[in-house]
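In: Generate coordinates for the sequence data below:
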Amino acid sequence: MRKYTLVILTLVTSSSLFAQWDVSASMGLDFKSMPTFRDYININFSSAGNQISSFKSAVAFGAEADYKLSKNFALGVEYNLQIDSYNGNGSTYEISYSLHRPSLMAYYIIPGVGYQFKLGGGVGYRSVSLNERIITETKYSASGFGLVFKAEGNTMLANHFYALIGGNLRYDSTGDVTNGSQKIVNNSTGDKLNLNSISFGIYLGITFTF
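Out: Residues are numbered from 1 along each chain as shown. Below is the predicted model of the structure:
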C-alpha cells in the first residue's frame, strides 16, 4: 500500500511541477517580402516616389497558449494577425488586408530562475480578408497554409508575470484572392494577386503562467 501511495505522490508532484500553462499576448512588426502584392501595386498604382520596397513593414498582433508536458517541452496554439494597407494615385486608390495566421506550435524550453527561453515552430491554416477601392470598394478573400519558427525569451516581472521579447520567421502561402469567380489580375505581368510571403518579425508582450 505504501508503495502505491509513493507512486501516486510522485505522479502528483511531477504533474504540479510540469503541468503548467503559458498564456501570452504580444504586438510587433513584420518585415515581409510579398512579391505579387508589391508588383501589382508598384506597376499599377504607385508613383515614382511611393514605391513599395522588397521588404515592407506591417503590424502584427499575437496571442498564444502553451501547455508544458515537461520542463523542456511544450505544445501550444498561436493566433497571429498581420494587417497592412496602401494608398496611391492621390488617395483615389486604397488596398488593405488582414492575414489571419493560427498555428499549432511545439517548443523546446530552456528554463532558469526568473526566466525561460523557448525555441520552436509550427504549422497552420491561413485566411486573408482583402479590400480594394478603385472608386468603389470590393472585398476579396483567400486561404492557404503557413509555417512559423520562433525564438523568445521571458523575464520575470512579478509572480506569474513575465516580460516577453521574441523573433519569428514565417512562410505564408495564401493562394489567389477571389470575390466569387472574380480574381485580381496584374495586366502588365498576367499574375493573379496573392499574399504569398516570407517575413521575419520582432515582438514584445507579456506572459502569464499558471
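
In: in the strand ranked longest in the chain, what's buried?
Out: Criterion DSSP state E: the longest strand present in the chain is strand 136-158. Residues of strand 136-158 classed as buried by neighbour count (16 or more other C-beta atoms under 10 Å): 140, 142, 144, 146, 148, 150, 152, 153, 154, 156. (Glycine included, C-beta is placed from N, CA and C.)

In: can you check stretch 115-134 too?
Out: Result for stretch 115-134 [16+ other C-beta under 10 Å]: buried residues 116, 118, 120, 121, 122, 124, 126, 128, 130, 132.

In: and that stretch, what's its mean pLDDT?
Out: The pLDDT scores in stretch 115-134 average 97.

In: Could I get the contacting residues of the residue nearest the centre of the chain?
Out: With distances taken as C-alpha atoms, centre = their mean, residue 80 lies nearest the centre of the chain, 3.7 Å away. Counting by C-beta atoms under 8 Å, 6 or more residues apart in numbering, residue 80 makes contact with 60, 61, 62, 100, 101, 102, 103, 148.

In: now the residues you listed: which count as buried?
Out: 60, 62, 101, 102, 103, 148.

In: right, and the helix or strand after the least confident helix or strand in the chain by mean pLDDT?
Out: Across the helices and strands of the chain, mean pLDDT, DSSP states H and E gives its lowest value to helix 2-18, namely a mean of 47. Counting by DSSP states H and E, the next helix or strand C-terminal to helix 2-18 is strand 20-33.

In: and that next one, which residues are buried?
Out: 22, 24, 26, 28, 29, 30, 32.

In: quick check, nearest of the contacts of residue 80 to residue 179?
Out: Among the contacts of residue 80, residue 100 lies closest to residue 179 (C-beta to C-beta), at 17.8 Å.

In: That closest one and residue 124 touch, don't they?
Out: No - judged on C-beta atoms under 8 Å, residue 100 makes no contact with residue 124 at a distance of 9.5 Å.

In: confidence score at residue 47?
Out: 83.

In: Quick check: closest non-adjacent residue to it.
Out: residue 88 (7.2 Å; C-beta to C-beta, 6 or more residues apart in numbering).

In: Next one: that neighbour from residue 31, what distance?
Out: Going from residue 88 to residue 31 by C-beta to C-beta, to the nearest Å gives 21 Å.

In: Please apply the same query to residue 91.
Out: Separation of residue 91 from residue 31 (C-beta to C-beta): 26 Å.

In: tally of neighbours for residue 163?
Out: Number of residues near residue 163 (other C-beta atoms under 10 Å) recorded here: 14.

In: OK, contacts around residue 188?
Out: 43, 44.

In: measure residue 139 to residue 21 for me?
Out: Counting by C-beta to C-beta, the gap from residue 139 to residue 21 is 37 Å.

In: Out of the buried residues of strand 20-33, flag the one nearest to residue 206.
Out: residue 24 (6.7 Å).

In: if I pick the closest one, what's in contact with it?
Out: Counting by C-beta under 8 Å, 6+ apart, residue 24 has contacts 62, 63, 64, 65, 66, 164, 205, 206, 207, 208.

In: you'd agree the fifth one is up against residue 73?
Out: No - in this structure residue 66 lies outside contact range of residue 73 using C-beta under 8 Å: 10.2 Å.
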